[in-house]
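> Provided below are the primary sequence and the corresponding predicted coordinates.
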Amino acid sequence: MAQKLSWVYTEWMMGDHAWEMQLVLPHDTTLLSTVLSLDKTCITALTGNHVTHPLLLSLANIHMNMQLKSFSNAFILTALLPVPQFIHKKKQMKGVLQDWLIHQCLDIVLEPLKLATQEGIMLSDPTGCSCYCFTPLVSYIADTPEAMMLTYIGGKMSPVTMAMFKQFGDAF
């Protein structure tokens, strides 16, 4: 019986997809794959319950071990997205409005990135030379609540599968 080979890809640049995307781009252009991160954070320690969603941006070709080190400055703060308190009778409607607002904010904040993905943008490299780049979003780092918010999933459903809570089963 032949064994089935399986590959575990932990980094964007390990697979063939990045190289295939680069081949499709015009000659003398560069693929700058981007990673976004979103996590609700308390921004005040002593004076109230003020929270925000900091939107962080990084490049996918930076090794994940390096990205996660705080001293590497691999992520740049792109925006502080609001976490409003809506007044509505139905709790579900409050959640829908909060998710909708985050999507609207992301649409506005990420417009330059979307434009650079579609049409490209001239950027300078570390040596000062100009290079025409394309910036597709290839990864999104989010905890379960943020993943559910981004996918408009509510209740007891999985943000990455079609499974509902009755299908989750017991992990043990």
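Alright, I've got the coordinates.
> got the contact list for stretch 52-69?
Outside of stretch 52-69, the residues within contact range by C-beta atoms under 8 Å, 6 or more residues apart in numbering are 10-13, 18, 32-41, 43, 72, 74-83, 102, 106, 109, 113, 138-139, 146. The C-beta positions use only the backbone N, C-alpha and C, and glycine is treated the same way.
> May I see the buried residues of it?
53-60, 62, 67 (16 or more other C-beta atoms under 10 Å).
> one step back: return the members of the contacts of stretch 52-69 classed as buried.
By 16+ other C-beta under 10 Å, these give 12, 18, 32-38, 74-75, 78-79, 81, 83, 102, 106, 109, 113, 138, 146 as buried.
> Sort out for me which of those residues are in helices.
18, 102, 106, 109, 113, 146 (DSSP state H).
> can you put those residues in a markdown table and add pLDDT?
Conversion of these to a markdown table gives the following (pLDDT from 0 to 100):
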| residue | pLDDT |
| --- | --- |
| 18 | 85 |
| 102 | 89 |
| 106 | 93 |
| 109 | 96 |
| 113 | 94 |
| 146 | 84 |
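> From these, pick the one nearest residue 158.
residue 146 (14.1 Å; C-beta to C-beta).
> residue contacts, the closest one?
38-40, 53 are the contacts of residue 146 under C-beta under 8 Å, 6+ apart.
> Dump the lowest-mean-pLDDT helix or strand in the chain to PDB, restricted to CA.
Taking mean pLDDT, DSSP states H and E as the measure, helix 64-67 is the helix or strand of the chain with the lowest mean score, a mean of 75. Only the C-alpha atoms of helix 64-67 are listed here, as PDB (Å, rounded to 0.1, in the frame of the first residue of the first chain):
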ATOM      1  CA  MET A  64       6.500  34.400  11.000                       C
ATOM      2  CA  ASN A  65       8.900  33.800  13.900                       C
ATOM      3  CA  MET A  66      10.400  37.200  13.200                       C
ATOM      4  CA  GLN A  67       7.000  38.900  12.700                       C
END
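> beta partners of the most centrally placed residue in the chain?
Residue closest to the mean C-alpha point of the chain, counted by C-alpha atoms, centre = their mean, is residue 140 at 2.4 Å. Residue 140 has the following beta-bridge partners by DSSP bridges: residue 36.
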